[in-house]
Structures are given as C-alpha cells and as structure tokens.
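Chemist: Task: produce atomic coordinates for the following.
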Amino acid sequence: MDGRPVLVCTEYEDATADLVIAELNRRRVPVLRFDPGRDFPTPMVLAARTGAGGWGGRLTVGERTADLSAVRALYHRRPSPYPTGSGEQAARFAAQENRRGLGGVLGALPGCLYLSHPQAIARAEYKPAQLAAATRVGLMVPATLITNDPGEAKAFCAEHPTIYKPLHAGAYDVAGEPAGIWAAPVEAGEIDAAVTHSAHLFQAQVPKVADVRAVVVGEQVFSARITAPPGVVDWRAEYQNLTYEPITCPDGTHGALLRFLAAFGLHFGAFDFAMTADGAWWFLECNPNGQWAWLEDAAGLPITTAIADLLENGASQHE
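Modeler: Just a heads-up that it's a prediction; the model follows:
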C-alpha cells in the first residue's frame, strides 16, 4: 500500500466502520481493514521485526500489505474475539499465541494513533472505575451501591428512588431470543436472596427530563438531547419512540469529559447523562467504543468527519 495506512480492526458487518472507511477513501487515505478473530492466521500474514524505531515489517491481508512502521492510525472498532481454542490443547495454545502475537504487535506500533488502544478500552469498560474517574474530574454522579448483600441493597433502596442496571451489557437470551437487560426501577420490597448470586449495581434514580448522549472524538464533543416517552427509564428500550436534537455541552462538562478520557488513555468515548429540569447533566456511564452512526443522522452531528480527521492526521496532532 502506498502512503501511511490506517488500519481498521473490526468485524465483517460493521456499518459504522463503513462510514469512516468511505470517508477515508474519499480523501485517498490508504486503509487496510481486517477482523483478527476471523482473518488470522488465514488469510492474514504477519511478519514483524524489532528495530531501533520499534516494530517494523509487514501485515498482509489478501493482496494488500501495510508497512507496520508506517501505520498512521489504528481504528479499533468491533473486532470478533480471538477464538478461544476450547478444544484440544494444541488449539488452545495456538489461539493464545495468536492473540498475544498479532494483538501484541498491533498494540505496540511506533508513531501510531489509537482510536482507541484496545487495552485502554478494556480498562475503561469497568463501571466502578468509570464512576470513580467521573467523580475525580468533577462530573455529578448519582449515589451508587455495588453489592451482593441483600440487606445493603434493601437499605439503599429505602433511602431514595433506585434503579438497577447491569455492570456489563453482555449477550443475554430469553427463551432463545436475544434480549437486553435495561436499567429499571427497583424497590426495597423486591430485594431478595437472589442478590447474593452476583454483584449488583444500584443507583439513585435521577429525576430527569431528558437524556444526553455526548460523543467525544479527540477534543471535540458532539451532544444530542434524547427525549423518550414519559415514564421510560432506559431510552435504549424505546428506540422507535425517541426524538433527538443537538445540544451544546456545558463548558465545565466539556473539560471534564476530556480529563475523563485522558485518565484512561482514550481518544473516543460515548457518554450517557441524565438531564434534570435545571439543565444539570448527571453522569451515568461511558462506552469507550460505543455506537454513534444512528445519532449522526438523527441529530445532524458530523461525527464521521471528526473521526476521519483524527485518523487521517494520526499521532502528529497529539504530539
């Protein structure tokens, strides 16, 4: 590939990455797209060598090859996980070697901007770390309890209106059909011994009038007010009945979001806030690799352009 390429690491079907790749193609920025969980070790070929300037060599996918020492940016979107190799011992060994070999090289490229670094994304996915960081940078955080003690949960729910939300939005099925576990109100009388089975997150319910999704790209913040039908606690359960409008991020919040991302070493974050009648934004969570394409269309936010700018400019604009 001629020129300094952008590597796009994502699954085969990723309409969000498609938007960014199309914009980079329009700008004639070379792009090498792959899904390490499905493409390595075939058809991908890795030949990486150490040198004075760090890792060099080549990464080949099909008929396209990238010079590892010249990668300007890596866009870590939604790659498939490396196969676990749950069968025989040799397969398990190979799977771990692939993840640590290819993944290790891709995470240590010289002069490369990461949007964002896979290890930084992994660290930032822990909600307790997010809530602590949000408090440190000056964001307003609702009172929160994480426990497996039913007595503690009952006492917390008795203090104020409370919602329960999962600590991780993983895959979940109901009667064989994919389903989401949404944030939902919970009262003290509903708490029972089932709480002992795992950690639970309980949070004081914010008397919100709307929600806000703030997407941060580099140092730019794109915010949309999301209005759901009355009584809806988790707007994600009502996608068909939402209205969107762009909203300006308060100056103090803007700076806090940048400090939050810097604390985790991120260049991107999709933040969720509850907005009260007085216009205050209460931090709920940050998805360090969240979706944004639907919001770009719904609220008219130029997020694709901002991401393409960051990837095209690479590490030079952050030196």
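
Chemist: ok so residue 272 is a helix residue?
Modeler: No. Counting by DSSP: H, G, I helix; E, B strand; the rest coil, residue 272 falls outside a helix, being strand.

Chemist: For it, list the residues it contacts.
Modeler: Counting by Cβ atoms under 8 Å, 6 or more residues apart in numbering, residue 272 touches 211, 212, 213, 284, 285, 286, 287. Where C-beta positions appear, they are placed from N, C-alpha and C, glycine not excepted.

Chemist: Out of these, name the ones that lie in strands.
Modeler: Judged by DSSP state E, these include 211, 212, 213, 284, 285, 286, 287 as members of strands.

Chemist: and the second one, what is it in contact with?
Modeler: Under the criterion of Cβ under 8 Å, 6+ apart, the contact list for residue 212 reads 223, 224, 225, 226, 247, 271, 272, 273, 274, 275, 281.

Chemist: partner residues bridging it?
Modeler: Per DSSP bridges, the residues bridged to residue 212 are residue 225, residue 273.

Chemist: List just the nearest of the contacts of residue 272 to residue 197.
Modeler: Residue 197 lies nearest to residue 285 out of the contacts of residue 272, by Cβ to Cβ, at 22.7 Å.

Chemist: Number of residues surrounding the spatially closest residue to residue 310 that is not a sequence neighbour?
Modeler: In this structure, residue 310 finds its nearest non-sequential neighbour in residue 218, 4.9 Å apart by Cβ to Cβ, 6 or more residues apart in numbering. Neighbourhood size, residue 218 [other Cβ atoms under 10 Å]: 18.

Chemist: confidence score at residue 218?
Modeler: The model reports residue 218 with a pLDDT of 96.

Chemist: likewise residue 87?
Modeler: 66.

Chemist: Can you give me the neighbour number for the nearest residue to residue 138 once chain neighbours are set aside?
Modeler: Spatial nearest neighbour of residue 138, chain neighbours left out: residue 256 (4.9 Å); criterion: Cβ to Cβ, 6+ apart. For residue 256, the tally of surrounding residues (other Cβ under 10 Å) stands at 22.

Chemist: What of residue 105?
Modeler: By the criterion of other Cβ under 10 Å, residue 105 has 16 neighbours.

Chemist: before we move on, what about residue 21?
Modeler: 21.

Chemist: State the helix or strand in which it lies.
Modeler: helix 15-26 (DSSP states H and E).

Chemist: in that helix, what counts as buried?
Modeler: 16, 17, 19, 20, 21, 23, 24 (16 or more other Cβ atoms under 10 Å).

Chemist: Export the residues you listed as CSV, with columns for distance to residue 205 and pLDDT.
Modeler: What follows is those, written out as CSV (distance: Cβ to Cβ, whole Å; pLDDT from 0 to 100):
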residue, distance to residue 205, pLDDT
16, 31, 95
17, 35, 96
19, 35, 97
20, 36, 98
21, 40, 98
23, 40, 98
24, 42, 97
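
Chemist: Using TSV, lay out those together with distance to residue 88.
Modeler: Output for the buried residues of helix 15-26, formatted as TSV (distance: Cβ to Cβ, whole Å):
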residue	distance to residue 88
16	36
17	34
19	41
20	39
21	37
23	44
24	41
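
Chemist: with these in mind, which one is nearest to residue 106?
Modeler: Scanning these for proximity to residue 106, where the rule is Cβ to Cβ, the winner is residue 17, at 15.8 Å.

Chemist: hang on, the residue nearest to residue 310 packs against residue 267?
Modeler: Yes. Counting by Cβ atoms under 8 Å, residue 218 touches residue 267, with 5.8 Å between them.

Chemist: Name the residues that touch stretch 66-74?
Modeler: 1, 4-9, 30, 32, 48, 51, 53-60, 105-106, 109-115, 310-315.

Chemist: Angles on the backbone of the residue lying farthest from the centre of the chain, please.
Modeler: Here the chain reaches farthest from its C-alpha mean at residue 189, the gap being 34.7 Å by Cα atoms, centre = their mean. Taking degrees, to the nearest 10, you get phi -70, psi -20 for the backbone angles of residue 189.

Chemist: mind checking how far it is from residue 153?
Modeler: Going from residue 189 to residue 153 by Cβ to Cβ, to the nearest Å gives 11 Å.

Chemist: now do residue 134
Modeler: 22 Å.

Chemist: Which phi and psi values does residue 59 adopt?
Modeler: Dihedral angles (degrees, to the nearest 10) for residue 59: phi -130, psi 120.
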